[in-house]
Each structure stands twice: as structure tokens, then as C-alpha cells.
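Q: Got a sequence here, can you build the structure:
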Amino acid sequence: MNIPDASHRGSCLCGAVSFEVSGPLAPPDICHCRQCRKQSGHVFASTDISRSALSIQSEATLRWYRSSERISRGFCAQCGSSLFWDPIGKDVIAVAMGAFDTPTGTHVKMHIFVADKGDYYDIADGLPQHAH
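A: So this is what the prediction gives:
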């Protein structure tokens, strides 16, 4: 399903922040932790990529929120779109799946932090679920 040698473009809702990822996208996970739910309004589906594969073309309204000692979250200050999850000091960065233009050439591989998921929905897609 991955699109080899492809590049993937994406942006925030208003288009003020745009980016490109070179190469295929790794299968994403869906995070159900409290922070991701509050940041996104539900769950946060993202793919981990090498920092060197990410090129941000337009970032005038890109802002970063340090949500913990180890994580910064990138979002558009103009429209509020959640875009990036940045584990400080690591060689990877997570990019929100919803920000990509289609097709992405990948499918969700698992759910994480399901012990923290909201009580208003069920996870019934048969994919692996991890408590943390």
C-alpha cells in the first residue's frame, strides 16, 4: 500500500502552514491519551517520520506548545490545526494524518494509550490496542 519514492504534501486548514514529507509514510497509530484528545478534540492519528524527511514550506503561523518536558506540539496559530507531535531530542517527528493531502498510501496499524480513551466511544476496528 505504501507509495515508494513518493512525497506527501499537507497543510493546516487555512493553508498558512504547509509541508512536504519525502518518501513513504509509515503506518500511523491513533493516540487516545488525555493530552492528544484535548489538543485535537478527539484522538490524534499520526505517522512517525525522520526529521530529515520533513520540509516545512510555509511556517509563518506555526507555533509550538511544550505540553510536557519531553514533547512539543506544533499547530497553526491562525486556524488552530494540530499538525506535529515532536519528541524533543529524538530523530523522528510525528505528523498528523488529517493534515496530508490524499492519497497517503498507508493505513492505521494500532491504537495507543487506550487506557485513557474517552468513555463516549468504542474501538471496534480489530486493530491492536495498547494500554500505554
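Q: Quick one: the helices in the protein, in order.
A: Here the chain has its helices, by DSSP state H, at 34-40.
Q: mind listing the strands for it?
A: 7-11, 18-22, 29-31, 44-50, 54-58, 62-66, 71-76, 82-87, 92-96, 110-112 (DSSP state E).
Q: Centre-most residue in the protein?
A: Ala96 (2.4 Å; Cα atoms, centre = their mean).
Q: so what's that one scoring on pLDDT?
A: What the model reports for Ala96 is a pLDDT of 98.
Q: Repeat that for Leu127.
A: For Leu127, the predicted pLDDT is 97.
Q: mind listing what it touches?
A: 108-111 (Cβ atoms under 8 Å, 6 or more residues apart in numbering). Where you see a C-beta, it was placed from the backbone N, CA and C, and this is true even at glycine.
Q: can you pull the contacts of the residue nearest to Met110 when sequence neighbours are not counted?
A: Distances taken as Cβ to Cβ, 6 or more residues apart in numbering place Pro128 nearest to Met110, at 4.3 Å, with adjacent residues excluded. Pro128 makes contact with 109-111, according to Cβ under 8 Å, 6+ apart.
Q: Show me which of those are buried.
A: Taking 16 or more other Cβ atoms under 10 Å as the criterion, what is buried in those is His111.
Q: Run through this protein and note the low-pLDDT ranges.
A: Within the chain, the ranges that satisfy pLDDT under 70 run 1-5.
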